[in-house]
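Visitor: Any chance you could fold what I've pasted below:
(chains A and B)
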There are 2 protein chains.
Amino acid sequence: MRRTVTIELATPATEMAQEEIPKQVAFLSKEISDIRFVREGAALEFEAPEERAADLARAAEALARTMQRSLRSLARKLVYRSPACDRVEFRGGALPAGITQMGQGQVALEGIPLRLYRYFDRSLEALGAPFSPSPILVPTLIPAATLSKCDYFRSFPHIVTFACHLPEDMPRIEDFRARHQDRETLDDRALGDMAHPEVCLSPAVCYHVYAANRDRVLPAGGARYALAGRCFRYESSKMVDLRRLWEFTMREIVFLGTRENVLGLREQGNELVARYLDEHRLAGEIRTASDPFFIAPDAAAKTYFQISSETKYEISLMLPEGERVAAGSLNYHTDFFGRAFSCTIEGAGPMHSVCIAFGLERWVYAFLAQHGNDPSGWPDVVRRSPEMAGL
Amino acid sequence: MRRTVTIELATPATEMAQEEIPKQVAFLSKEISDIRFVREGAALEFEAPEERAADLARAAEALARTMQRSLRSLARKLVYRSPACDRVEFRGGALPAGITQMGQGQVALEGIPLRLYRYFDRSLEALGAPFSPSPILVPTLIPAATLSKCDYFRSFPHIVTFACHLPEDMPRIEDFRARHQDRETLDDRALGDMAHPEVCLSPAVCYHVYAANRDRVLPAGGARYALAGRCFRYESSKMVDLRRLWEFTMREIVFLGTRENVLGLREQGNELVARYLDEHRLAGEIRTASDPFFIAPDAAAKTYFQISSETKYEISLMLPEGERVAAGSLNYHTDFFGRAFSCTIEGAGPMHSVCIAFGLERWVYAFLAQHGNDPSGWPDVVRRSPEMAGL
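Guide: Residues are numbered from 1 along each chain as shown, chains lettered A, B, ... in the order given. Sure thing, here's the model as predicted:
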């Protein structure tokens, strides 16, 4: 039996606490579902199994208190709000044909969704063209040692995907083969057969850029890159549709340079993204935000730092019923990656970096939700694009 | 201490046996290296550790005998041999800048190699345009159950990559996190922390097409698809450069239909590939070949069947010193995938299929080996392509 757990808060949660607290509460147990605030933030509710309700209520209450304390003096900064926010219609109904679920958080795209995906891929690459970035093609595999340098195992261990294989050991492979001749799923011994894992799947494409610049001294003007690739974040039962996939596509523009250099470029990025939202009549905001750090002693502090220092600007697109989707972000990493990969700027110390990242499937989802499936109602810039030819 | 193991064969190995036997001998042990035939096929040699030499010699001799017996009556059929084969120069020296090794069998591409990669991606997509295929974007993740239906665990268990993650279990994730705070590599307990694996990484993009057509009845004319994506084959110490990567890019054209339908389309494919080789002045052949099935009781029989029935045509490009690289293939799968995924052709029983597949990084490698790094010596069709603009 499941029941609703209600936690009355000492003080009502601010808008930001209402967004940040559920991210953390979700980690308490996979048995928790439907986490929401009620009565304008006065109480937190979720569904949980009867027998675990008391325990989970206590844990969630403590967590909410810590998060509220961390965030209490913070206000979310709004960098940009598109005019479409004030007249958004949500003409999308059922999703169009062409989205096939191939597995958990895995989709194949055809037809209209694929055309839009390609449109966003090309046009968001074009958005970055004024920066004259160097194109680079990166792997989706990433050595565990690289991800570790990016602090990923400490901040996001719960969403890492590891790439494993059988060892070069004939009898062990033959045993695996024989056991799997006549079954569809992997058996209980399969995991134990595998070699020690040394490689993961990329959760973001820009990590490869920092790793590729390992031990380099970059010129005073820094370096700029454009890239796109598949990314992987295992998000359990939250992976339901294009809004949250295990495997999705990220397009990025990456700036390496001095602090002033990369922060200046991020400001230009804000302007380009704002203009892009307008051109596409998309209802969305650019605003300070935080990542869903794995619940740990320092998670609340990290969230506070990320929001207060404005290291993360999120591109938040509107969905029906007050929902939103983070379709991209403009992130300043200070000199974290410069130090991690021993990359410096000539005459200026450790390299600072900014990445502007877009999650293509989320743009497709939000575009369809706002503009609907019928191309005749779409903005001209999309309707007349080469990707829609013959539609 | 390592030594050279020499195995005198009862009868000299044919050209085909000389290509097929080393694929199988390599599986005997990861300690075997440098497998080659000497004295025009009269003897097989490899390097191995002193203490294992006798054992491995016996195993290799038995394997060679089985393979020779299986292949004895077979001749490789040459479908096409490009005129450039008779005047190939190999103008490539050192590889150009722009290929960065990011990990084992993992590369990043920039500069000339990236331009060529994009050229081959676009022009090989254009090669398929006469078939008017439907574009589809597929995941790189693939459920183990799908791969199992494709008979992959039985035929190629040694090269599968499995996608693993931690379970939704807070204490276990926190324990993993704490253990990996201050280390770069995964510890010995990491594998044991992971949840039961249910997903793998695609070793070929076309499997998704068969799975997407599961339980469908296709019209009499069949269906055609165009797609590209990252593929993963763990090939141990053989993964040294662009010729053999753990992660590479495959572009495919896939035909689903009746036997006559798909075999007719494959013939057209042969002609298009032949013309493509000519236009690019590439020295290469289209010829019958086999896959490197994992050594198992039925491996020799499968190899015999694959070659004798001409199910696999390989696009074999010439490299210096008598080497070759399989840069693509045109494969007829009979009704195997139709039966596996319960897909039928209206009024004609189980669906038959053909795929025409290209490994993009291998085209880049062979092109550079044959035509060199200097674009001024390249065929016009490449030199004047949009991908080379501004070079």
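Visitor: hey, where'd the helices end up in chain A?
Guide: Taking DSSP state H as the test, the helices found in chain A are A:15-25, A:53-71, A:111-127, A:144-149, A:152-155, A:170-179, A:190-193, A:206-212, A:259-279, A:299-308, A:336-340, A:360-371, A:380-383.
Visitor: Pass me the low-pLDDT residue ranges in the stretch 51-200 of chain A, would you?
Guide: Applying pLDDT under 70 to the stretch 51-200 of chain A flags no residue at all.
Visitor: OK, now which residue of the stretch 151-300 of chain A is nearest to chain B?
Guide: Proximity of the stretch 151-300 of chain A to chain B (Cβ to the nearest Cβ) peaks at A:Glu168, 3.5 Å away. Heads up, the C-betas are built off the backbone N, CA and C, glycines and all.
Visitor: before we move on, the earlier item: format the helices of chain A as JSON lines; extra columns: mean neighbour count and distance to B:Ala60.
Guide: What follows is the helices of chain A, written out as JSON lines (neighbours: other Cβ atoms under 10 Å in any protein chain shown; distance: least, Cβ to Cβ, whole Å):
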{"stretch": "helix A:15-25", "mean neighbour count": "20", "distance to B:Ala60": "57"}
{"stretch": "helix A:53-71", "mean neighbour count": "17", "distance to B:Ala60": "60"}
{"stretch": "helix A:111-127", "mean neighbour count": "20", "distance to B:Ala60": "49"}
{"stretch": "helix A:144-149", "mean neighbour count": "22", "distance to B:Ala60": "35"}
{"stretch": "helix A:152-155", "mean neighbour count": "20", "distance to B:Ala60": "42"}
{"stretch": "helix A:170-179", "mean neighbour count": "16", "distance to B:Ala60": "12"}
{"stretch": "helix A:190-193", "mean neighbour count": "17", "distance to B:Ala60": "25"}
{"stretch": "helix A:206-212", "mean neighbour count": "25", "distance to B:Ala60": "40"}
{"stretch": "helix A:259-279", "mean neighbour count": "18", "distance to B:Ala60": "57"}
{"stretch": "helix A:299-308", "mean neighbour count": "18", "distance to B:Ala60": "56"}
{"stretch": "helix A:336-340", "mean neighbour count": "20", "distance to B:Ala60": "46"}
{"stretch": "helix A:360-371", "mean neighbour count": "24", "distance to B:Ala60": "49"}
{"stretch": "helix A:380-383", "mean neighbour count": "14", "distance to B:Ala60": "61"}
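Visitor: Identify whichever of those helices lies nearest to B:Pro96.
Guide: Closest approach to B:Pro96 among the helices of chain A (Cβ to Cβ): helix A:206-212, 16.3 Å.
Visitor: Next, give phi and psi for the nearest residue to A:Ala145 once chain neighbours are set aside.
Guide: Distance criterion Cβ to Cβ, 6 or more residues apart in numbering or on different chains; nearest residue to A:Ala145, sequence neighbours excluded, is B:Glu184 at 4.5 Å. Main-chain dihedrals, B:Glu184, degrees, to the nearest 10: phi -90, psi -30.
Visitor: Does A:Pro203 touch A:His158 like I think?
Guide: No. Using Cβ atoms under 8 Å, A:Pro203 is not in contact with A:His158, being 11.1 Å away.
Visitor: Retrieve the pLDDT associated with the residue nearest to A:Thr6 when sequence neighbours are not counted.
Guide: Closest residue in space to A:Thr6, ignoring its immediate chain neighbours: A:Glu45 at 5.0 Å, by Cβ to Cβ, 6+ apart. Looking at A:Glu45, its pLDDT is 96.
Visitor: what sits opposite A:Glu45 in the beta ladder?
Guide: Bridge pairing for A:Glu45 (DSSP bridges) gives the partners A:Thr6, A:Arg36.
Visitor: how many neighbours does it have?
Guide: Counted with other Cβ atoms under 10 Å in any protein chain shown, residues neighbouring A:Glu45 total 15.
Visitor: what's the neighbour count on A:His180?
Guide: For A:His180, using other Cβ under 10 Å, the count is 20.
Visitor: wait, isn't it in contact with B:Ser148?
Guide: Yes. Taking contacts as Cβ under 8 Å, A:His180 lies within contact range of B:Ser148: 6.9 Å.
Visitor: picking up where we left off before, contacting residues around the residue of the stretch 151-300 of chain A closest to chain B?
Guide: B:29-30, B:158, B:236-237 (Cβ atoms under 8 Å, 6 or more residues apart in numbering or on different chains).
Visitor: Tell me who's in contact with A:Pro375.
Guide: Shown in contact with A:Pro375 (Cβ under 8 Å, 6+ apart): A:112, A:382-383, A:388, A:391.
Visitor: With A:Arg177 instead?
Guide: Applying Cβ under 8 Å, 6+ apart, one finds that A:Arg177 lies in contact with B:153-154, B:157, B:294, B:296.
Visitor: Tell me the residues of the stretch 251-391 of chain A that contact chain B?
Guide: Counting by Cβ under 8 Å from any Cβ of the partner chain, the stretch 251-391 of chain A comes close to chain B at A:294-296.
Visitor: Distance to B:Ala212 and neighbour count for those residues - can I get that in CSV?
Guide: Formatted as CSV, these follow (distance: Cβ to Cβ, whole Å; neighbours: other Cβ atoms under 10 Å in any protein chain shown):
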residue, distance to B:Ala212, neighbour count
A:Phe294, 34, 21
A:Ile295, 38, 22
A:Ala296, 40, 19
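Visitor: Skip the chain neighbours and tell me the closest residue to the residue in the stretch 1-150 of chain A that chain B sits nearest to.
Guide: Among all residues of the stretch 1-150 of chain A, A:Lys30 sits closest to chain B, at 3.5 Å; criterion: Cβ to the nearest Cβ. Excluding its sequence neighbours, the residue lying closest to A:Lys30 (Cβ to Cβ, 6+ apart) is B:Glu168, at 3.5 Å.
Visitor: mind checking how far that neighbour is from A:Ala53?
Guide: Distance, B:Glu168 to A:Ala53, by Cβ to Cβ, to the nearest Å: 18 Å.
Visitor: How confident was the prediction at A:Glu31?
Guide: Note for A:Glu31: predicted pLDDT of 87.
Visitor: How about the one 3 residues further on?
Guide: The score at A:Asp34 is 90. That number is its pLDDT.
Visitor: hang on, the earlier thing: give me every residue that touches the residue nearest to A:Ala145.
Guide: Counting by Cβ under 8 Å, 6+ apart, B:Glu184 touches A:144-145, A:148-149.
Visitor: from those residues, which two are the most distant?
Guide: Spatially, the most separated pair among these is A:Ala144 and A:Lys149, at 9.8 Å (Cβ to Cβ).
Visitor: Would you check how far apart A:Lys149 and A:Gly338 are?
Guide: Separation of A:Lys149 from A:Gly338 (Cβ to Cβ): 12 Å.
Visitor: no no, A:Phe176
Guide: Distance from A:Phe176 to A:Gly338, counting by Cβ to Cβ: 43 Å.
Visitor: measure the residue of chain A most remote from its centre to A:His180 for me?
Guide: No residue in chain A sits farther from the centre than A:Pro171, which is 41.4 Å out by Cα atoms, centre = their mean. Separation of A:Pro171 from A:His180 (Cβ to Cβ): 15 Å.
Visitor: next one: A:Met194
Guide: From A:Met194 across to A:His180, the span is 13 Å (Cβ to Cβ).
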